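Visitor: give me a 3D structure for the following:
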Amino acid sequence: MSPAKVTLSPKEQELVNNTDWILTKNAVIQKVYALFGGLSDVYQLALQKQVAIPLKDVGIRSPKISRGEQYEGLPWVMLDFPRHFAANDAFGIRSFFWWGNFCSITVQLSGKFQQKYVASVQNYFQPQGVAVPLCKDWVIGINDDPWKHHFRKDNYIPVSESMVNSMPGLPHIKLSKKISLQEWDQLDRFFEENFLEILTMLSTR
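Guide: Reported below is the predicted structural model:
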């Protein structure tokens, strides 16, 4: 029995004979790696200066840059630092690039880290004596699966007063902010400023 014939559409035929697009894609991914490599140094220095978050809490694991080709069919690159992901306890700040979509920065807390830092996060978003929560463009994860990165409504919603109040009972706390890839020249500033904001968030009393 002969195998089924595999055909290409005109667009696929054009692309399979064109090396420029794949070489350009590879060059972009390398530039994201370079961006995240530089950010890892900035992040490590910032964390060392932040006395309110003991390094023993997050361990001494070095920054980790990973990549893949198939998050919802598209290439991605991520930088995890700090990173402590155990069975029930998670403390991580993830910088994420998703081809054709956005870049984002996310703080994820669960288990003992959620218990330790939840009051600080609540105080940051809803300072004592302030009636309206300070959302500051952050969204909060509502998906039971903490490893989803898209920003659709079944995964993230804007931070609200009710969500701030419910944080202690959530299965995990996952707060994120994104930036359009159209703002490429602002990416380093976006990541650096929001990494520092996360450290402030976790140390608010």
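Visitor: tell me which helix or strand in this structure has the weakest average pLDDT.
Guide: Within the chain, confidence by mean pLDDT, DSSP states H and E is lowest for helix 55-58 among all helices and strands, at a mean of 68.
Visitor: pretty sure Lys64 contacts Pro82?
Guide: No - between Lys64 and Pro82 there is no contact under CB atoms under 8 Å: 10.3 Å. C-beta here means a position set from N, CA and C on the backbone, and glycine is covered the same way.
Visitor: list the beta-bridge partners for Phe96.
Guide: When assigned by DSSP bridges, Phe96 has beta-bridge partners Met78, Ser104.
Visitor: report pLDDT for it.
Guide: Phe96 is assigned 98 on the pLDDT scale.
Visitor: what count of nearby residues applies to it?
Guide: 20 (other CB atoms under 10 Å).
Visitor: can you tell me which residues contact it?
Guide: Trp76, Val77, Met78, Leu79, Cys103, Ser104, Ile105, Thr106, His149 (CB atoms under 8 Å, 6 or more residues apart in numbering).
Visitor: where exactly do the strands run in this structure?
Guide: Here the chain has its strands, by DSSP state E, at 64-71, 74-85, 90-98, 102-110, 139-141, 156-158, 173-180.
Visitor: give me the helices and strands touching the longest one, please.
Guide: By that I understand strand 74-85. helix 20-49, helix 55-58, strand 64-71, strand 90-98 (3 or more CB pairs under 8 Å, 6 or more residues apart in numbering; DSSP states H and E).
Visitor: nearest to Met201, of those?
Guide: Counting by CB to CB, Met201 lies closest to strand 90-98 out of these; the figure is 10.5 Å.
Visitor: what's the neighbour count on Phe151?
Guide: 16.
Visitor: what do you get for Val51?
Guide: Val51 has 8 nearby residues by other CB under 10 Å.
Visitor: for the one 5 residues further on, same thing?
Guide: For Lys56, the number of neighbouring residues by other CB under 10 Å comes to 7.
Visitor: which ones are touching it?
Guide: Lys56 neighbours (CB under 8 Å, 6+ apart): none.
Visitor: gap between it and Asn123?
Guide: 23 Å (CB to CB, to the nearest Å).
Visitor: kindly report the same for Gly68.
Guide: As judged by CB to CB, Gly68 and Asn123 stand 36 Å apart.
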